[in-house]
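> Sequence and predicted structure below; questions after.
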Amino acid sequence: MTFTLILEQTFNGLQAGVTLFLVAAGLTLILGIMDFVFLAHGSQVMIGAYAAAAITQATDNFYLGVLLAIPVTFASGYLLEFLIIRHLYRRDHMEQVLATFGLILFFNEAIRVSFGPAALFSDLPPSLSGFVEVLPATPYPAYRIGVIIVGLLCAVGIHLLVSRTRIGAMVRAGANNPEMTAALGINIKTLFRLIFATGACLAGVAGMMLGPLTAVQSGMGEPLLILSLVVIIIGGIGSVRGAFVAAIIVGLVDTLGRVFLPSILRLFVEQATADGAGPALASMLVYILMAVVLIFRPTGLFPAKG
C-alpha cells in the first residue's frame, strides 16, 4: 500500500464523486425542488452517453460529439417533460414510481432497437489520452483530470444558478408556493420544464464523461441512479450543496473501500476470509454510511431550507 497507490485511488474517488454529483444534482432538483419521483433519471445518463458516442463516431471528433450531445440531452429532457412528465405532477408518488419505471424499460429497449445489443466505445483524442504528473513521478490519466475539472466547474455553476440568480429564486419560490408564484406572473409550467430539462442534461453530461471510461450500453445508468439516491439522502433532499459534499464522500468511500478494505481485513483475519468478505463488505460501505448519517442527521448533512 504505497503513497502513489493511495493518491491515485483518491483521484479516482474524486472523479467518481464529481460524476456522481452531476447525476445527483439533476435528481435533487427534480425530487427535492419539484417533488417528483423520477426513476428514469439513470436513462438520461444513457441517452447522453449514446448521443456523444454516436456523434463522435459519425464526425470522428470527440469534442464536437460532446458539444452537440449537450443540446440533444437537454432537448430530450424538455420533450419528455412536455409529453409525459407534466401529466404526472399531481399524481401520488407511487404512480410516479410506476410510470417512470415503465420509462426505464422503454428507453432501454429503444436503445437496443436503435443501436443494437453491442456496446459502443469512444476513442479519446490525443490531447486527452496521455498522463499528467500530479506530483513528481506520479502520473495520472489526463482525461480523468479533465473529468474532475469539468465536474467541479459544473458544481460551481449549479450553486451560483440556484442560490445567486433570479432564476434560482423563481425555482425555489415555485417549489414552495406555486399558486402564489404563478399569481406574480411567473410561468410555473415553463419554469419546471426548464428545470427538468436541465436536470436531464446534467445526467447526460455525466454519461458523456463516463462513455470513454466504460462501455456505452443499454441500462448503464441504473447503478448510478441507486448511488444518486444514496447521495441525496446523505446530503439532504433538495440541497445542491449537500449533493456535492455527499457525492464526493460516497465516491471516495466506495473507491477506497473496494481497493483497500480487503488488504486491511488481512491484518485481522485469515487471507481467505478477508478475500471473501472484503469485496462484499466494501460494496456495502456506502449504505452503511447512509444508515449512520440518518441515525444522527435524519434530514441529511445539509437539509434544504424551505
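Now that the structure is in, tell me what you want to look at. All values derive from a computational prediction rather than experimental measurement. Numbers count the residues shown, from 1 in each chain.

> Can you show me the helices along the stretch 1-150 of the chain?
Per DSSP state H, counting those that start in this stretch, the stretch 1-150 of the chain carries helices over the ranges 3-28, 41-59, 62-83, 93-115, 126-129, 142-164.

> And those helices: which comes nearest Met170?
Closest to Met170 of the helices of the stretch 1-150 of the chain, according to Cβ to Cβ: helix 142-164, at 10.7 Å. Heads up, the C-betas are built off the backbone N, CA and C, glycines and all.

> Not counting that closest one itself, show me its contacts.
Residues from elsewhere that reach helix 142-164 (Cβ atoms under 8 Å, 6 or more residues apart in numbering): 11-12, 14-15, 17-19, 21-22, 25, 29, 124, 127-132, 134, 167-168, 171-172, 202, 205, 209, 212-213, 240-241, 244.

> Spit out the contact partners of Phe38.
27, 30-31, 85, 96, 100.

> again, only this time at 6 Å
30, 100 (Cβ atoms under 6 Å, 6 or more residues apart in numbering).

> Check which residues of stretch 245-264 are buried.
Using 16 or more other Cβ atoms under 10 Å as the test for burial, stretch 245-264 gives 245-262.

> Excluding chain neighbours, give the residue nearest to Leu227 in space.
Excluding its sequence neighbours, the residue lying closest to Leu227 (Cβ to Cβ, 6 or more residues apart in numbering) is Leu20, at 5.8 Å.

> remind me which residues of this protein are low pLDDT?
1, 174-178, 305-306 (pLDDT under 70).

> about what we covered before: looking at the helices of the stretch 1-150 of the chain, which is nearest to Phe192?
Closest among those, using Cβ to Cβ: helix 62-83, at 7.5 Å.

> what helices or strands is the closest one leaning on?
Judged by 3 or more Cβ pairs under 6 Å, 6 or more residues apart in numbering; DSSP states H and E, helix 62-83 is in contact with helix 41-59, helix 188-210.
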